[in-house]
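Chemist: next come a sequence and a model predicted from it.
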Amino acid sequence: MIMGIGTRKGVNKEEVIYAIKYALREVGKEIDDIDMFASSKLKENEQGLLEAVSFLGKDIKFLSVDEINRYDAPSGSKANRFGLTGVAEPSALALSEKKKLILRKKVYGRITIAIAE
């Protein structure tokens, strides 16, 4: 299971962890069910995101614009202003095996999350 994450600039670790846990609860999954997190390379220096992923003991892959844009964001996205089709949904789909969203993009404060299998 892959969790795609988009964030607003300046999010903190606690915000990210809250969003992750809430999203998992919505689909009846746990942290251990996550194989990897995925996001845009634009987020690779986002401290709150990095701290949250590290705290949870997981890895995150930051995808290039080309890797992300191979997939549509079914829910639409404001990321198009950065030349991306989206962040959470396309990132999750890009690394997933079945290419199936089990949680379409949801917004949790300043975090967006999508989950794919």
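Modeler: Good, I have the coordinates. Numbering: from 1, shown residues only.
Chemist: same for the helix or strand hosting residue 14, what does it pack against?
Modeler: Element membership for residue 14 (DSSP states H and E) is helix 13-26. For helix 13-26, the elements it packs on are strand 2-7, helix 47-55, strand 101-108, strand 111-116, judged by 3 or more CB pairs under 8 Å, 6 or more residues apart in numbering; DSSP states H and E. For every residue, glycine as well, the C-beta is placed using N, CA and C.
Chemist: and residue 99, how far from residue 93?
Modeler: Per CB to CB, to the nearest Å, residue 99 is found 5 Å from residue 93.
Chemist: residues contacting the spatially closest residue to residue 10 that is not a sequence neighbour?
Modeler: Leaving out its chain neighbours, the residue that sits closest to residue 10 by CB to CB, 6 or more residues apart in numbering is residue 48, at 7.3 Å. Counting by CB atoms under 8 Å, 6 or more residues apart in numbering, residue 48 makes contact with 7, 10-13, 15-16.
Chemist: how about residue 70?
Modeler: Residues near residue 70 by CB under 8 Å, 6+ apart: 90, 94.
Chemist: for it, give me the pLDDT.
Modeler: pLDDT recorded at residue 70 is 80.
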